[in-house]
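**Student:** please find the sequence and the predicted model below.
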Amino acid sequence: MATKSAKAIALSELNPRQLAQEVLETIEREDAYSHIALDAALERSGLDARDRGLATELVYGTLTWQRSLDKVLGDFVRRGIDGLDLPVLVALRVAVYQLLFLNRIPAHAAVDEAVEITKAGPSRAAAGLVNGVLRSIVRKRGQAKQANQSKQVRWWSDKGRERKPARYLGERYSLPNWMTNRMLQYWGLERAEKLAEAFDTRPPLYLRLLADDVELPEGVEPVEGVPGALRAASMSDAVRAGIADGKWGVQDLGSQLIGLYAGAEPDLAVLDGCAGLGGKTLHLARLVGPTGGVVAVDPADTKIDMLCTAADSAGMRERLTTQVASLQDFAQETDETFDLVLIDAPCSGLGVIRRHPETRWRRSESDIFALTKLQAELLDVAATLVRPGGTLTYSVCTFTTEEGPKQVERFLERHGDFERTGAPESGPGAEVDWKKYVDGDAQLTLDPLEHDTDAFFAARLRRKS
Ligand SMILES: C[S@@+](CC[C@H](N)C(=O)[O-])C[C@H]1O[C@@H](n2cnc3c(N)ncnc32)[C@H](O)[C@@H]1O
């Protein structure tokens, strides 16, 4: 039976592969964020937990391994992949991802569905090509299996490891070479390779408690030494129900640690200067309690709208004041100073590529220069908004030194009235076992290998009294 065009049928009728196809095309065509496009599609889909899991795996896996998948396809598509229509390229990538990375999926299911999806789409004439290419890959894989080669279809060469390590890491772990070059500079080959591998895995599912006295379902455990943090084995129906009931929300452990590291505690007046969707804002609002307050500023009105909605359902609205403005404009207009200012700055986002795999293919090295300038400007403005004796926490979800430790060094050179102060010694943040998470300068440096978190950097600075 021919599959109907994904466009012609309601999202609620799509199977997991059709949904993944739809989402991946949207991400590519509209420069959309993977998590937003996928969540929106899943929300409107009629898929059960298992099929949602498969669709999620296909979207994130295909985006993560895009360089490797394209390399393999390039070896099998005679005229190269550059001239392929987007729906054809996406169908091929998704199928090859299943063939090479998902052992439990039978080859015929991956191939047949890619052919059907292509037949039902706008480039139906390419269905034969899709069929031929995928069957050749399956054949090659089968021959290699018979010859007992451990890796059947390869997209890298081990010989390059010593000779051209940046290229080797990029090809093997599906990362851009400029990024692997930096990883080698920072960590050397051994550790860079381990981190490259870690960046290709699916991240653990962490939750943050939003209510007191809740009973944890099976498969959800508290994270030792981090108040309010939970780790879930999977996005089970019970976890989803807890989210809907406002018992907990999804937030990476690294993000939660930043909220705690910033040192929010009852009564404080807090400014979240780059609030975004408010992941950290709402954590800070919870920590300051009903007697404290958080001002959340961000120039993106849609983000502030979403933050307000989330604050309403978390019961935090009364502690929160929002303003759609750049921090620079906000600072011009206010006379207020704050006990605690958080600058969770716009950054290259290389530390969260497990969650946002499209970042690998969208960022370029030149972005880092512009971002570093903006971060320095935001820090200079933020410094004027901290009361004497108050603190400024600067955080980024990346591992480049310019955006992290060097940015802070330069800030301290420009602002003799600030000093590093490290993790908080009172309030909920003092309950964390910080030894595990901070470096020699008491700065927070997190990564997926050591901490099972995304890669984050944060520094806490005190304005001298
Ligand atoms: C890393 S994101 C913040 C994420 C957010 N804190 C969270 O935890 O969900 C950086 C934010 O900075 C905002 N931004 C960009 N330029 C800004 C500026 N000049 N002033 C204030 N915020 C800015 C962006 O809109 C973006 O939402």
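**Tutor:** Happy to help now that I have it.
**Student:** in the host helix or strand of Asp305, what counts as buried?
**Tutor:** Element membership for Asp305 (DSSP states H and E) is helix 301-313. Under the neighbour-count criterion of 16 or more other Cβ atoms under 10 Å, helix 301-313 has 303-304, 307, 310-311 buried. C-beta: built from backbone N, CA, C; applies to glycine.
**Student:** filter those by proximity to the ligand?
**Tutor:** Among the buried residues of helix 301-313, the ones lying near the ligand by Cβ under 6 Å from any ligand atom are Lys303.
**Student:** can you tell me which two in the buried residues of helix 301-313 are farthest apart?
**Tutor:** Lys303 and Ala311 (12.3 Å; Cβ to Cβ).
**Student:** anything in contact with each of the two?
**Tutor:** Gly278 (Cβ atoms under 8 Å, 6 or more residues apart in numbering).
**Student:** pull the residues that contact the strand or helix carrying Leu379.
**Tutor:** Assigned by DSSP H and E, Leu379 belongs to helix 365-383. Contacts to helix 365-383, defined as Cβ under 8 Å, 6+ apart, come from residues 178, 271, 273-274, 327-328, 331, 341, 343, 345-348, 392, 394, 396, 400, 402-403, 407, 410-411, 414-415, 417-418, 463.
**Student:** circling back: show me what the helix holding Asp305 is packed against.
**Tutor:** helix 279-288, strand 293-298, strand 320-324 (3 or more Cβ pairs under 8 Å, 6 or more residues apart in numbering; DSSP states H and E).
**Student:** wait, which of the buried residues of helix 301-313 is closest to the ligand?
**Tutor:** Lys303 (5.3 Å; Cβ to the nearest ligand atom).
**Student:** quick check: that closest one touching Gly276?
**Tutor:** Yes - under the criterion of Cβ atoms under 8 Å, Lys303 makes contact with Gly276 at 5.2 Å.
**Student:** which residue is the nearest non-sequential neighbour of Ser395?
**Tutor:** Excluding its sequence neighbours, the residue lying closest to Ser395 (Cβ to Cβ, 6 or more residues apart in numbering) is Ala458, at 3.8 Å.
**Student:** also Val138?
**Tutor:** Val138 sits nearest to Ala107 (Cβ to Cβ, 6+ apart), 4.8 Å away.
**Student:** what's the answer for Glu265, then?
**Tutor:** Take Glu265 and drop its neighbours on the chain: the residue closest to it by Cβ to Cβ, 6+ apart is Gly427, 2.8 Å away.
**Student:** ok, the one you found - contacts?
**Tutor:** Here Gly427 is in contact with 263-266, 287 (criterion: Cβ under 8 Å, 6+ apart).
**Student:** check the secondary structure at Leu461 for me.
**Tutor:** Three-state assignment for Leu461 (DSSP: H, G, I helix; E, B strand; the rest coil): strand.
**Student:** OK, contacts around it?
**Tutor:** Leu461 neighbours (Cβ under 8 Å, 6+ apart): 391-394, 408, 411-412, 418-421.
**Student:** narrow these to those in helices?
**Tutor:** Using DSSP state H, the subset of those located in helices is 408, 411-412.
**Student:** out of those, which is most surrounded?
**Tutor:** Val408 (22 neighbours; other Cβ atoms under 10 Å).
**Student:** relative to the ligand, how far out is it?
**Tutor:** Remark: distance between Val408 and the ligand (Cβ to the nearest ligand atom, to the nearest Å) = 16 Å.
**Student:** list the buried residues in stretch 40-54.
**Tutor:** 41-42, 45, 47, 51-52, 54.
**Student:** ok, back up a step: most packed of the helices and strands packed on helix 301-313?
**Tutor:** When the helices and strands packed on helix 301-313 are scored by mean count of other Cβ atoms under 10 Å, the highest mean neighbour count falls to helix 279-288 (a mean of 26).
**Student:** is any residue of that one near the ligand?
**Tutor:** Yes - contact of helix 279-288 with the ligand (Cβ under 6 Å from any ligand atom) involves 279-280.
**Student:** distance from that helix to the middle of the chain?
**Tutor:** How far helix 279-288 lies from its chain's middle: 20 Å, per Cα atoms, centre = their mean, to the nearest Å.
**Student:** now stretch 57-71
**Tutor:** Distance, centroid of stretch 57-71 to centroid of chain: 15 Å (Cα atoms, centre = their mean).
**Student:** what does stretch 21-31 give?
**Tutor:** Taking mean C-alpha positions (Cα atoms, centre = their mean), stretch 21-31 and its chain are 17 Å apart.
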